[in-house]
Every structure is written in structure tokens, then in C-alpha cells.
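Trainee: Just to be clear, the model below is a prediction. Sequence and coordinates:
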Amino acid sequence: MASRAARVEIRPVRNGLGLVALRAHRAGDLVVRVAGRPVAPAVLWRWWRTDPRRAANCMRLAAERYLDTEGGFGAFANHSCRPNAALLTERGGLVLRAIRAIRAGDEVTHDYATHLGADDCWTMRCNCGERACRGTVRRFDRLPPATLARYLRLGMIPRFVRETAG
């Protein structure tokens, strides 16, 4: 399945299915808009009990809002400890923007930690395959200092996430 703008396609990648760039992107380029519908935390918590796969594919959109990707492209946006894209909030929605060059055929990845606030207890064992893999994906305030500084400089950590650290 390819995006409407034919920028990415869902294909087999290292960890199941992922987003693969259909064309080259430069740093700053819009790679894909993440479609879905906003849901409240109570809905997300209910899904963790009844439909954990659906809950796991929701993305934090605001302090008290999550985006249900409804099985669309966002559900296939995989994590990397050395991402080539950032998940950013733009005009009330989420987008993936390149933070470095992405070649056609590359998997488009982002760092899940950038949307995990200090109030978040979710963790994931990482299997990104990067030389500097952190081993476990945790909340943003647990990132290595140099990585955190770089992400902050690039604007990759939304204000509502930063504010959870107090």
C-alpha cells in the first residue's frame, strides 16, 4: 500500500512491516502525514486491556490526547535509536519529517522516546539493529544526554512532552 502522495509504502523491513521511502527526501522534507482520530487517555487505557495491539499503535498527540492510527501508515512507523525522521505535531496533527537525508528504498524511522513523557511508564525492548542501540526504549528524559540535546536542538520533543519533566 502506497501513500496518496506516493512518498512511502508499507513493506517488509527488519522488524516486520514498516514505512519505506519511495523517493529521496532531504532534511526538513515532509515524508508523510500520520492520519487517524484523536482519542482520550481513558479510551487508550481501555484498549490496553481489550486490544493491546491497537493501543500500541496510538501516538501521543497532546498532553491528554492520543492519535489512533486506525491501521494506517502511522501504525507502521517503526522506532530506531538512530532515526532518519522526526514525529512532529503540525496544525493539530502528526507528521513524519526527515531529519537527515533519506534515500528511496530506506525505511523511514523515528525515535519513540520523543513522544514518551516523564509521566509515561511504557517501555519496549529495542531491536533496531543500530550500532548505538539503547536496548530499551524509554521515556524522553532517560535518553543519553548527547541524544537528548540533539533532539531538543532539532525540535523533536514536543513542548507537552518536555513539560512532563516538571
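Mentor: Structure's in. What do you need?

Trainee: how about Ala98, what does it touch?
Mentor: His25, Arg26, Ala27, Gly28, Asp29, Val31, Asn84, Ala85 (CB atoms under 8 Å, 6 or more residues apart in numbering). For the C-beta atoms, the positions are set from N, CA and C on the backbone; glycine is no exception.

Trainee: Point out where the protein drops to low pLDDT.
Mentor: Across the chain, the ranges flagged by pLDDT under 70 are 1-6.

Trainee: Show me where this structure has its helices.
Mentor: Using DSSP state H, the helices of the chain run over 41-50, 52-56, 145-154, 159-162.

Trainee: Just name the most buried of those.
Mentor: Between the helices of the chain, helix 159-162 has the highest mean count of neighbours, a mean of 16, where neighbours are mean count of other CB atoms under 10 Å.

Trainee: Now that helix - C-alpha only, CSV.
Mentor: Extracted in CSV, the C-alpha atoms of helix 159-162 (Å, rounded to 0.1, in the frame of the first residue of the first chain):
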residue,chain,number,x,y,z
ARG,A,159,6.5,21.0,24.5
PHE,A,160,3.8,18.9,26.1
VAL,A,161,6.3,16.0,26.5
ARG,A,162,9.0,18.3,27.8
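
Trainee: which residues touch that helix?
Mentor: For helix 159-162, the external contacting residues (CB under 8 Å, 6+ apart) are Arg60, Ala62, Ala63, Thr114, His115, Leu116, Gly117, Phe140, Leu152.

Trainee: go again using 7 Å as the cut-off
Mentor: Helix 159-162 is contacted by residues Ala62, Ala63, His115, Gly117, Phe140 when judged by CB atoms under 7 Å, 6 or more residues apart in numbering.

Trainee: burial count for Gly28?
Mentor: Neighbour count for Gly28, taken as other CB atoms under 10 Å: 10.
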